[in-house]
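Student: Fold the stuff below for me.
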Amino acid sequence: MSVTPLTHHEILELVEPFARQGRHVDLAASDRAHRRLQFKPVDHPGTPAQRELLQLDSRGNGSFKLTRTLTRSDGTQATLEAQGADPGELLRRIQGVDRAQHFVDGPGYAIARSYLFEAYASGGGALVLARGVVHVDGATLAFDVPAVKGVSANLSLQSLPGQRLTPPEDLLAVIGWNWARLVPEPDGWTSRMRLRGSGEARSRKAEAALETAARHLAQTLAEPPARFHDRHLWARWGVVLRRMIPTLTAVGLIAGTVALPRIATNTEPSFWLALHYVPIGILALAFTLQELPRFEIPAWPRRSRARSWLQPMINTQGQACSATP
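Tutor: I've put the predicted structure just below:
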């Protein structure tokens with residue numbers, strides 16, 4: 001459906017609350033045809049410094065979306081989104097969120113956290129985490145939080161341009177039961193992490209999980225690959241057992257079907273009845289995994305012999321690729 005381009009009169013009305021706050025529209029960067037206004041950036045001093053950019057999207061039906069993009073001098077970037085019918089109220093919500101909330105710096109890592117205000121909620125909705133990006137030496141981990149209650153977070157691990165990362169499948173799964181194995185993709189690896197609850201409580205859990213992953217990833221990549229095996233040996237075996245749950249379930253059901261008539265011949269009727277609920281319990285356990293059940297026997301954990309997690313990419317001429325695209 002086509003939309004009517006922004007008129008000069010509409011632009012004057014929309015930018016009025018922004019002008020009162022010292023925010024001036026950048027007409028050259030705006031897109032009247034797509035009803036998008038962009039405001040001139042504001043630089044905030046600090047270590048590192050930040051550049052703030054506001055963008056207002058008008059959907060032509062009385063609904064607006066205001067997006068604040070913060071870009072630090074070290075390249076990390078985070079956004080904040082608010083939706084509603086009053087651009088002035090959206091600006092007030094955006095300005096009410098401290099810029100420092102978007103960034104977390106720790107030993108060997110930096111986190112950029114993007115938020116949004118939940119739509120269709122009274123009072124403008126709660127501020128919730130929408131996406132987090134962990135930056136460590138040689139790699140990035142993206143952590144996307146769906147707005148749907150009960151849906152797991154989607155994770156994406158990528159090495160930086162010019163680098164080749166060779167992580168084990170259980171790199172993140174060793175953190176705990178809620179974390180799944182890495183699945184190789186053409187441009188990196190994907191995974192999932194269980195998140196319960198909704199609203200602000202779910203957002204706080206996501207923030208905590210994001211920092212846990214950041215600390216784990218920074219520590220792991222800073223040490224030799226063999227150290228990962230030594231540090232997480234029992235957790236790695238736990239991951240193997242978790243991955244074998246579907247296979248053990250199938251084997252157990254078959255074995256139980258064969259053994260039940262012999263076991264129950266001289267037992268109490270109540271015991272026979274209770275045995276019928278065992279397969280249901282085993283199936284329920286299998287479906288608590290953070291990935292689709294796979295009938296497999298995972299490879300046993302082994303200590304890596306590699307000297308480093310990261311290796312330079314080599315082009316067809318046998319030369320190391322540049323670290324920039």
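Student: Please report how far the residue nearest to V128 when sequence neighbours are not counted lies from H216.
Tutor: In this structure, V128 finds its nearest non-sequential neighbour in S203, 4.0 Å apart by CB to CB, 6 or more residues apart in numbering. (Glycine included, C-beta is placed from N, CA and C.) With distances defined as CB to CB, to the nearest Å, the gap from S203 to H216 amounts to 20 Å.
Student: Quick one: residues contacting the most centrally placed residue in the chain.
Tutor: Geometric centre of the chain, nearest residue: F143, 1.2 Å, by CA atoms, centre = their mean. For F143, the contacting residues are 131-134, 153-155, 193, 206, 209-210, 213, taking CB atoms under 8 Å, 6 or more residues apart in numbering as the criterion.
Student: doesn't P5 make contact with G60?
Tutor: No: the criterion here is CB atoms under 8 Å, and G60 misses it with P5 at 9.5 Å.
Student: show me where pLDDT drops low in the stretch 101-250 of the chain?
Tutor: Along the stretch 101-250 of the chain, segments meeting pLDDT under 70 span 119-124, 246-250.
Student: run the last query once more with 80
Tutor: For the stretch 101-250 of the chain, residues meeting the criterion pLDDT under 80 lie at 119-125, 150, 243-250.
Student: Can you show me the strands along it?
Tutor: Per DSSP state E, counting those that start in this stretch, the stretch 101-250 of the chain carries strands over the ranges 103-106, 109-117, 127-136, 139-144, 153-159, 163-165, 183-185, 188-193.
Student: Of all the ones you listed, which one is nearest E16?
Tutor: Among these, strand 109-117 comes nearest to E16, with 21.9 Å by CB to CB.
Student: List the buried residues of the top helix by length along the chain.
Tutor: Ranked by residue count under DSSP state H, the longest helix found in the chain is helix 199-222. Neighbour-count burial for helix 199-222, counted by 16 or more other CB atoms under 10 Å, picks out 202-203, 205-207, 209-211, 213-221.
Student: Check stretch 24-39 too.
Tutor: Neighbour counts over stretch 24-39 (16+ other CB under 10 Å) mark 25, 30, 35-39 as buried.
Student: what's the answer for stretch 98-107, then?
Tutor: Across stretch 98-107, burial judged by 16+ other CB under 10 Å covers 99, 102-104.
Student: before we move on, what about stretch 16-24?
Tutor: For stretch 16-24, the buried set under the neighbour-count rule, 16+ other CB under 10 Å, comprises 17-18, 23.
Student: Repeat that for stretch 115-134.
Tutor: In stretch 115-134, counting by 16+ other CB under 10 Å, buried: 115-118, 124-134.
Student: next helix or strand past the helix or strand hosting K65?
Tutor: Taking DSSP states H and E as the definition, K65 sits inside strand 64-72. Next helix or strand after strand 64-72 toward the C-terminus (DSSP H and E): strand 77-84.
Student: Quickly run through the sheet partners of that next one, with directions.
Tutor: Using DSSP bridges, strand 77-84 pairs in its sheet with strand 64-72 (antiparallel), strand 109-117 (parallel).
Student: how about that strand: buried residues?
Tutor: For strand 77-84, burial by neighbour count (16+ other CB under 10 Å) applies to 77-84.
Student: With stretch 82-98 instead?
Tutor: 82-84, 87, 90-91, 93-94.
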